[in-house]
Structure formats: structure tokens, C-alpha cells
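Visitor: Here is the input, now give the coordinates:
(one chain, ligands or ions: 1)
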Amino acid sequence: MAGLYIHIPFCRHKCHYCNFHFSTSLKSIAGMLSSIKAEIALRSRELHGERIETIYFGGGTPSLIGVNEIEKILTTIRSNYILSKDVEISIEINPEDVTNERVACWKSMGINRASVGVQSFSDSDLLWMNRKHSGEQAIESIKVLKEQGFKKLSIDLIYGIPTSEKSTFRSNIKKAIDLEVGHISAYMLTVEPNTALDHLIQKNKCKEMDEELVLEQFVYLKRELEAEGFEQYELSSFAKADHRSRHNTSYWQFIPYLGFGPSAHSFTPGEPAIRRWNVSSNSAYIKGIESGLDYFEEEKLEARDIYNEYIMTSLRTWQGIDLSFVKARFDKSYVDYLVSSLNRAIEKEQIVFKNNHYHLHRNALMKADSVIADLFVV
Ligand code: SF4
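Guide: Now for the predicted structure:
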């Protein structure tokens with residue numbers, strides 16, 4: 001069982017908050033796609049014949065490249081890997097790229113899950129974030145995907161937008177629910193270094209939203225979605241029954257995956273487990289593939305890395321920390337350290353123990369990263 005991730009590193013514009021790897025210069029698309037197909041073929045033995053359960057086109061903006069190009073990448077994958085019969089094939093889509101023709105092509109080539117970058121249905125929010133679609137276009141794009149038979153649909157939403165009024169935010173949640181999709185990813189707006197948003201804040205041209213208000217939005221969002229039958233199966237991910245992202249879930253279960261394209265990460269379990277990441281530069285990636293030079297770095301994961309990874313994924317997801325798993329998998333020193341750190345966190349109402357597992361306390365949801373980091377072995 002394994003997954004494949006394909007990073008398409010191009011966008012037409014820069015959203016103010018984004019720090020993913022992408023380029024707005026589209027000149028090297030042809031060279032990039034040839035290199036990605038070459039990498040897919042080159043690495044086909046790394047999974048030792050494991051069946052591929054999930055394929056994910058992310059970015060950047062995969063929906064901006066031609067449907068024929070996506071099909072060629074899938075053909076390369078099919079000729080080099082064994083795919084499961086019910087393989088989940090997802091694509092990230094921006095609403096402005098959705099047309100009946102494109103959606104029909106994606107569907108005919110076997111893509112069966114779409115994740116639409118809605119972010120907000122409010123045109124003023126979208127303008128503030130420098131998105132290039134309107135709220136109406138976002139709604140229309142979901143309708144088209146549904147009419148063309150896409151059953152597994154996800155939308156991305158952002159909360160904590162400082163210019164967004166309470167009524168706008170609540171209307172966003174209502175519109176998201178009314179669309180009747182099975183999956184919603186809700187991300188808190190974070191200020192990443194060197195983004196346009198970071199510069200605006202540095203120059204006092206905008207402020208971050210007050211922490212209390214962000215928490216209020218998150219609590220509202222969680223309550224409304226859960227009332228509609230969504231389960232929060234990861235901090236940012238809500239799904240109705242049978243709509244969890246199988247691809248993302250596999251990341252949290254230490255299932256092997258290969259990432260193709262610049263900045264893509266790969267993970268292969270074993271003794272030792274290996275984490276690998278491709279260079280975050282389009283030109284260096286293409287040059288590396290074409291000339292046979294190194295285009296990636298890798299590290300062997302030690303017990304401490306695996307332990308920290310387990311703590312992070314189990315607390316971010318519905319799974320929670322299972323102490324018996326830690327006892328079976330790690331030395332006693334890790335177990336003792338974890339038990340004493342968990343006890344401290346329980347006293348501070350950051351962690352709760354229920355159903356035999358340790359979970360984040362609801363008071364800690366907004367500072368999850370720092371609570372989790374306190375449990376790491378460094
Ligand atoms: S949010 Fe998506 S569309 Fe916007 S710049 Fe980042 S990768 Fe591109």
C-alpha cells in the first residue's frame with residue numbers, strides 16, 4: 001500500500017498568504033512536465049511493487065495545466081506502478097479553472113476526487129487575499145463538478161481573515177454547508193515569513209485578527225459542521241462518513257509515499273525509515289533531472305524522529321496517542337518521558353484522556369503546535 005504525490009509548481013498569481021513552492025512564470029511548464037514524468041519513471045522501483053492506493057495532484061495550481069498533460073502524467077504512472085482497483089486520484093482545483101469540458105476530461109481519465117480552493121465566498125475577502133475568483137464562481141465550480149458526476153468533493157476555507165465581519169464569516173460557513181460537499185478543510189490564516197501578508201503587517205498596512213476572535217470563529221465553524229454530520233478527523237479536516245481524504249490519512253499512518261516535482265517530499269518506512277525532499281527551485285529541479293545531478297536531499301530517521309512524528313500526527317488527528325503503541329515501539333526512556341509530559345499537560349488542561357487515548361483538550365486547539373512541541377523529545 002503506497003501513495004504518490006505530484007507537485008505542479010505554477011500559479012497565475014501570488015495569494016498574499018501563501019508560502020508554498022510555485023512560480024508565476026509559466027515559461028518552463030513544458031520542461032517541468034517532462035522532468036516530472038522522467039522522475040516518475042526513474043523512481044518506480046523504490047516502492048518494491050507496493051500497490052498504489054492514492055494519487056494526489058497538488059501545488060501550486062494543478063488545474064492550470066492542460067488536461068492532456070495531466071493525462072500524460074497518469075499514463076506514465078500507470079505504465080510504471082501497480083494501481084489498486086479503487087485508487088483515489090485527487091486534484092486541487094482553483095474555481096476559475098473549472099469548465100464543463102475540463103471537468104469531463106479529468107473524470108474520463110480516472111480522477112475521482114476534487115479539492116476546490118474556495119477560501120471564502122465573500123468577494124471582499126477574496127480581493128484582500130489576492131485570489132482571482134469570485135464567491136459566485138466558487139459556487140458555480142462546485143455545481144459543475146457535481147453535474148459531471150464528481151462524488152468526492154472537498155473545499156478549502158480560511159478563517160481568521162482580519163477584514164472579515166462576523167456576519168461574513170457565518171455566511172461563508174452556511175454557504176459551504178449548503179453546497180453539500182463531503183469534505184471541508186478549514187485553515188487558520190497564518191502569517192508566513194516573506195509573504196505579501198507578512199510585508200503588509202510589517203508596514204502596518206494590516207493587522208492580524210485578535211486571537212479571541214479567531215478562536216470564536218473556529219468554535220463556531222466546528223459546531224456548525226459537526227451539527228451537519230461532519231467529523232473533525234484532523235485539526236483542519238472535516239468529513240462526512242466515507243469522505244475522509246485517503247491520501248492525507250495515509251501520511252498520518254506511516255504509509256510509504258513518493259513525491260514528484262520540486263519541493264515534493266517522500267517517505268519510505270523501514271530500518272531506517274527515509275525522508276527525502278526535492279529541491280525547491282524549478283530550474284534546479286529540471287537541471288538535476290536532465291543532467292543526472294542531485295536534485296534532492298534525504299535523511300535517515302532515528303527513533304527520536306519517528307517518535308516525534310507519531311506524537312504530532314496522533315494528536316493532530318482523531319487517533320490520539322496510544323500509550324500501549326509507544327510502549328511496544330519505543331525504549332522505556334521514551335515511555336517515561338511521555339508519561340510525565342502528558343501528566344503535566346493534563347494538569348494544564350492541554351490534553352485529555354478518553355477512550356484509552358490521549359487527545360488535545362479543546363482549550364488547546366488554537367495552540368496545538370506549541371502543546372505538541374512540548375511533548376517532543378529534542
Ligand atoms: S494559495 Fe494556491 S493558488 Fe494561491 S499562490 Fe498558493 S498555491 Fe498558488
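
Visitor: Looking at the chain, which strand is longest?
Guide: strand 83-93 (DSSP state E).

Visitor: what comes up buried for that strand?
Guide: Counting neighbours by 16 or more other Cβ atoms under 10 Å, one finds that the buried residues in strand 83-93 are 83, 87-93. Using the backbone N, CA and C atoms, a C-beta is placed for each residue, glycine as well.

Visitor: before we move on, what about stretch 198-216?
Guide: Neighbour-count burial for stretch 198-216, with 16+ other Cβ under 10 Å as criterion, is recorded at 209, 214-215.

Visitor: In the stretch 251-378 of the chain, what residue comes closest to the ligand?
Guide: For the stretch 251-378 of the chain, the nearest residue to the ligand under the criterion Cβ to the nearest ligand atom is residue 263, separated by 11.1 Å.

Visitor: looking at this, that residue is in a strand?
Guide: No. Residue 263: not assigned to a strand; according to DSSP: H, G, I helix; E, B strand; the rest coil it is coil.

Visitor: Could you report the neighbour count for it?
Guide: Other residues within reach of residue 263, judged by other Cβ atoms under 10 Å, total 19.

Visitor: Repeat that for residue 224.
Guide: Neighbourhood size, residue 224 [other Cβ under 10 Å]: 16.

Visitor: now residue 90: how far from residue 62?
Guide: 9 Å (Cβ to Cβ, to the nearest Å).

Visitor: Quickly note the distance from residue 355 to residue 185.
Guide: Taken as Cβ to Cβ, the spacing of residue 355 relative to residue 185 amounts to 25 Å.

Visitor: which of the two has more neighbours?
Guide: The neighbour count for residue 355 versus residue 185, taken as other Cβ under 10 Å, is higher for residue 185 (19 against 6).

Visitor: List the pairing partners of the helix or strand containing that one within its sheet, with orientation.
Guide: For residue 185, the host element (DSSP states H and E) is strand 183-188. Strand pairing for strand 183-188, using DSSP bridges, gives strand 152-159 (parallel), strand 237-239 (antiparallel).

Visitor: what comes up buried for that strand?
Guide: Going by 16+ other Cβ under 10 Å, strand 183-188 has these buried residues: 183-186, 188.

Visitor: what's the answer for stretch 116-130, then?
Guide: Buried residues in stretch 116-130 (16+ other Cβ under 10 Å): 116-122, 125-126, 128-129.

Visitor: picking up where we left off before, would you mind giving the buried residues of strand 183-188 as JSON lines with pLDDT and distance to residue 23 added?
Guide: Formatted as JSON lines, those follow (pLDDT from 0 to 100; distance: Cβ to Cβ, whole Å):
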{"residue": "183", "pLDDT": "98", "distance to residue 23": "29"}
{"residue": "184", "pLDDT": "98", "distance to residue 23": "29"}
{"residue": "185", "pLDDT": "98", "distance to residue 23": "24"}
{"residue": "186", "pLDDT": "97", "distance to residue 23": "28"}
{"residue": "188", "pLDDT": "94", "distance to residue 23": "26"}
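
Visitor: Just name the closest of those to the ligand, please.
Guide: Nearest to the ligand, judged by Cβ to the nearest ligand atom, of the buried residues of strand 183-188 is residue 185 at 12.3 Å.

Visitor: what's the nearest residue to the closest one if we skip its chain neighbours?
Guide: What sits nearest to residue 185 in space, not counting adjacent residues and going by Cβ to Cβ, 6 or more residues apart in numbering, is residue 156, at 4.9 Å.

Visitor: what about residue 274, neighbour count?
Guide: Per other Cβ under 10 Å, the neighbour tally for residue 274 reads 15.

Visitor: Now the stretch 101-250 of the chain against the ligand: closest residue?
Guide: Checked against the ligand (Cβ to the nearest ligand atom), the nearest residue in the stretch 101-250 of the chain is residue 117, 5.7 Å away.

Visitor: Would you double-check that that residue falls in a strand?
Guide: Yes. If the criterion is three-state DSSP, then residue 117 is within a strand.

Visitor: Residue numbers of the stretch 1-150 of the chain in contact with the ligand?
Guide: The stretch 1-150 of the chain comes close to the ligand at residues 11, 14-15, 18, 20, 22, 59-61, 94, 117, as judged by Cβ under 6 Å from any ligand atom.
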